[in-house]
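*Asks:* can't give you the sequence, but here's the structure:
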């Protein structure tokens with residue numbers, strides 16, 4: 001399953017300016033955070049990009065794209081109905097293809113020479129499955145992340161089949177519901193802001209007012225390297 005499209009969510013009204021900030025990349029060049037995110041995805045084989053933004057932010061984001069501007073489409077989320085709805089806004093762009101999803105307020109730094117996006121895409125293709133990156137996170141930081149519980153299924157590879165997903169759990173709840181064998185005491189696996197998802201995701205979103213719930217039994221998660 002070739003992964004050729006990327007969907008980037010950046011419509012959170014409280015974080016809308018983060019992707020526009022100017023940073024120094026690993027090569028010492030001055031770039032916007034958005035450009036760094038786009039370039040990582042392009043380096044992993046992505047050809048088309050869609051960024052979900054707040055209404056009126058299209059021009060500022062276009063100016064922050066750098067050399068990839070001609071390959072980026074912008075879709076405004078009409079009202080701030082949450083993360084799930086922001087992803088749903090990209091349904092027409094994605095079509096019936098699997099896609100790379102990145103959150104606009106994260107930058108991903110790999111420990112080795114292979115980018116995080118490339119690692120994730122390679123595993124998704126090899127496993128023919130939807131994959132999300134997770135990272136070991138101290139319990140004191142749990143209330144800032146979504147976290148998972150599950151079991152190791154990758155043998156010597158850090159790939160987990162999930163049993164539970166909780167958004168911003170307390171340490172007490174995590175200790176009861178999110179234990180993953182092999183993790184250090186006081187650490188839990190939290191989302192890393194990087195996913196490869198199939199188009200069937202849109203069909204299992206269930207709209208209930210402003211809440212969007214997604215089934216997770218068919219998803220696997222890979223620990224970031």
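*Replies:* Yep, it's here. These numbers come from a predicted model, not from an experiment. Numbering: from 1, shown residues only.
*Asks:* how about the helices of the protein, start to end?
*Replies:* Taking DSSP state H as the test, the helices found in the chain are 33-43, 58-63, 83-88, 91-94, 116-127, 171-177, 201-204.
*Asks:* In terms of mean pLDDT, which of the ones you listed ranks lowest?
*Replies:* Of all these, helix 201-204 carries the lowest average pLDDT, namely a mean of 78.
*Asks:* Figure out which of the helices of the chain is closest to residue 77.
*Replies:* helix 83-88 (5.2 Å; Cβ to Cβ). Where C-beta positions appear, they are placed from N, C-alpha and C, glycine not excepted.
*Asks:* what pLDDT does the residue nearest to residue 31 when sequence neighbours are not counted get?
*Replies:* Setting aside the residues directly before and after it, residue 31 is nearest to residue 25 in space (Cβ to Cβ, 6 or more residues apart in numbering), at 5.3 Å. Here, the pLDDT recorded for residue 25 equals 88.
*Asks:* residues touching residue 25, list them.
*Replies:* Going by Cβ atoms under 8 Å, 6 or more residues apart in numbering, residue 25 touches 31, 36, 39.
*Asks:* Mind putting those residues into TSV with neighbour count?
*Replies:* Supplementary listing: the contacts of residue 25 in TSV, determined by neighbours: other Cβ atoms under 10 Å:
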residue	neighbour count
31	17
36	19
39	19
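*Asks:* For whichever strand in the chain runs longest, which helices and strands make contact with it?
*Replies:* Using DSSP state E, we find that the single longest strand of the chain is strand 187-197. When contacts are defined as 3 or more Cβ pairs under 8 Å, 6 or more residues apart in numbering; DSSP states H and E, strand 187-197 sits against strand 99-103, helix 116-127, strand 131-138, strand 146-152.
*Asks:* Now do the contacts for residue 66.
*Replies:* 31-32, 35, 38-39.
*Asks:* Go through the residues you listed and say which is closest to residue 46.
*Replies:* Once Cβ to Cβ is applied, the member of the contacts of residue 66 that ends up nearest residue 46 is residue 38, at 8.3 Å.
*Asks:* That closest one contacts residue 48, correct?
*Replies:* No. Look at residue 38 against residue 48 with Cβ atoms under 8 Å: they stay out of range, at 11.0 Å.
*Asks:* quick one on the thing from earlier: pull up the pairing partners for the longest strand of the chain, direction included.
*Replies:* Next to strand 187-197 in the sheet, as set by DSSP bridges, lie strand 99-103 (antiparallel), strand 131-138 (antiparallel), strand 146-152 (antiparallel).
*Asks:* contacting residues around the first one?
*Replies:* Contacts of strand 99-103 from elsewhere in the structure, counted by Cβ under 8 Å, 6+ apart, are 3, 5-10, 37, 41, 44, 46, 87, 108, 117, 120-121, 193-197, 199.
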